[in-house]
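Enquirer: okay, structure incoming, though there's no sequence with it:
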């Protein structure tokens, strides 16, 4: 099979290197990666969904010649940061609750 060939001239099998799609639509406009965009937006409001959509968008960017790759990475990073901050906030909240409960049950009232 020739290097630039899409199909083998002898057997008709396709070249596996040709798995990417064109990044322009029929009208000549640029194709967007909707999953990457959704992942970025959702990373601010629902980080878990933002993470999922960003991972899908990052995977989809491979087949769209990199369209939306940066947006998917940004959504991935923001989702992780927000989830870590939420876990820290929950830990602090429960530490304060436990400390308050321990202070009330100690029997020392002024």
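Expert: Structure's in. What do you need? All of these numbers come straight from a predicted model, not from anything done at the bench.
Enquirer: where does this structure have low pLDDT?
Expert: 1-10, 12-30, 104-110 (pLDDT under 70).
Enquirer: hmm, 80 instead?
Expert: For the chain, the stretches flagged by pLDDT under 80 are 1-31, 102-110.
Enquirer: which helix is the longest one in it?
Expert: Looking across the chain with DSSP state H, the single longest helix is helix 69-104.
Enquirer: gap between residue 87 and residue 34?
Expert: From residue 87 across to residue 34, the span is 29 Å (Cβ to Cβ, to the nearest Å). (C-beta placed from N, C-alpha, C; glycine too.)
Enquirer: these two: which has the busier surroundings?
Expert: Taking neighbours as other Cβ atoms under 10 Å, residue 87 and residue 34 compare with residue 34 leading, 13 against 10.
Enquirer: for that one, what are its contacts?
Expert: By Cβ atoms under 8 Å, 6 or more residues apart in numbering, the residues touching residue 34 are residue 57.
Enquirer: what do you get for residue 49?
Expert: Neighbouring residues of residue 49 by Cβ under 8 Å, 6+ apart: residue 42.
Enquirer: where does it land in three-state SS?
Expert: Secondary structure, DSSP: H, G, I helix; E, B strand; the rest coil: residue 49 is helix.
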